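Engineer: Build me a model:
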Amino acid sequence: MADKEKNFISAVVYVHNAEQRIDRFLKMLITVLEENFEHSEIICVNDSSADGSADIIRSASQTASSTSISILNMSYFHGLETAMNAGMDLTIGDFVFEFDSPDLDFDKAEIMRIYRRSLEGYDIVSASPDKKEAFSSRLFYKIFGCFTNLTYKLSTERFRILSRRVINRIGSMNKTIPYRKAVYANCGLKTDNVKYAVQNDDRRPTDKKEKTYRAGLAVDLLIQFTEVGYRFSMIMTLLMMSMSVFMVAYSVIIYLTSHPIAGWTTTILFLSIAFLGLFGILTVIIKYLQLLVNLVFKRKQYCFESIEKLTK
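Structural biologist: Residues are numbered from 1 along each chain as shown. The predicted model follows:
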């Protein structure tokens, strides 16, 4: 006990239809925390799993002796970000581990490696697999990086550790967290990313709910955190303005050099100028909406069914 760390450690694990992986993962996590920390807790966020994930968590929790284990049962499928926000709100640790899935493709020693790295002065330390990212992930991070001014390069992360100072600062911003990695990167505190060698990659394909959620989340994040929407509207506005100016010039030339049908020139001029003004107004509106989104994120409340305290 004298050799164990004094900091209280919390761990939040996202669980959705993970009955094939959660037992091995949870037992590994319990072992690591109890071997290295005097006080620890694990909060498993059960995001409306349709399989036996909750029962397996209850069974695996019996192996714990000093670690407190709880299940937060969400009322319906919320998706990773909102569900993890719910779990984070329950944590009390000095440091908090976030596990975005119970995929165990890393050696258990990486958990303490990340923790010790945080003690070197980093408030946020993430762990990423040392392998090529999926095409969809590379594309998203590429677009995200091109349209933001973040100095911290986002990438696929398996888990991370946060100091209590990070959590307090995020909470003081009076915002919900639609995308944790981007908010953490914007909090102004020192961050680091550590690569680890992939071992026994047992990740399973995402189900239909998760795929739909991730696709929608990617679109929302590009609108909320980047200037993709504004730049697209600017390009379209300039294009339509150019076409409108061309139509104005064309109408005047036809009026002076030909004999157009009565009212044709007036109609074309009116439509061209109207579209010119319309796209100009839309650009201003979109810019204001972007500013509002940057100031106040759309509040997404979560709803949980129950909290099960499995161990003291």
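
Engineer: Every contact and neighbour count from this point should use C-alpha atoms.
Structural biologist: Noted.

Engineer: Provide the secondary structure category for residue 189.
Structural biologist: coil (DSSP: H, G, I helix; E, B strand; the rest coil).

Engineer: and it, what does it touch?
Structural biologist: With contact taken as C-alpha atoms under 8 Å, 6 or more residues apart in numbering, residue 189 is in contact with 122-124, 166.

Engineer: part of a helix, is residue 41?
Structural biologist: No. Under the criterion used here (three-state DSSP), residue 41 is strand, not part of a helix.

Engineer: Leaving out sequence neighbours, find the closest residue to it.
Structural biologist: Spatial nearest neighbour of residue 41, chain neighbours left out: residue 68 (4.4 Å); criterion: C-alpha to C-alpha, 6 or more residues apart in numbering.

Engineer: Do a quick rundown of the helices in the stretch 51-200 of the chain.
Structural biologist: Here the stretch 51-200 of the chain has its helices, by DSSP state H, counting those that start in this stretch, at 53-60, 80-88, 109-118, 135-146, 164-172, 180-186.

Engineer: ok, back up a step: highest neighbour count among the contacts of residue 189?
Structural biologist: Most neighbours among the contacts of residue 189, by other C-alpha atoms under 10 Å: residue 124, with 27 neighbours.

Engineer: mind checking how far that one is from residue 36?
Structural biologist: Look at residue 124 and residue 36: by C-alpha to C-alpha, to the nearest Å, they are 20 Å apart.

Engineer: Quick check: which ranges of the stretch 51-200 of the chain have low pLDDT?
Structural biologist: For the stretch 51-200 of the chain, the stretches flagged by pLDDT under 70 are 150-152, 172-177.

Engineer: what's the closest non-adjacent residue to the residue nearest the centre of the chain?
Structural biologist: Residue closest to the mean C-alpha point of the chain, counted by C-alpha atoms, centre = their mean, is residue 179 at 3.0 Å. Once flanking residues are discounted, residue 179 sits nearest to residue 81: 6.3 Å by C-alpha to C-alpha, 6+ apart.

Engineer: Touching, that neighbour and residue 183? I think so.
Structural biologist: No. Counting by C-alpha atoms under 8 Å, residue 81 stays clear of residue 183, with 11.6 Å between them.

Engineer: Switch the helices of the stretch 51-200 of the chain over to a markdown table; also include distance to residue 217.
Structural biologist: Below are those laid out as a markdown table (distance: least, C-alpha to C-alpha, whole Å):
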| stretch | distance to residue 217 |
| --- | --- |
| helix 53-60 | 25 |
| helix 80-88 | 9 |
| helix 109-118 | 28 |
| helix 135-146 | 11 |
| helix 164-172 | 20 |
| helix 180-186 | 12 |
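
Engineer: Mean neighbour count, those helices: which tops it?
Structural biologist: A comparison of the helices of the stretch 51-200 of the chain by mean neighbour count, using mean count of other C-alpha atoms under 10 Å, puts helix 80-88 on top with a mean of 22.

Engineer: Pull out the buried residues from stretch 29-49.
Structural biologist: Residues 29-30, 33-34, 37-49 are the ones in stretch 29-49 that count as buried (16 or more other C-alpha atoms under 10 Å).
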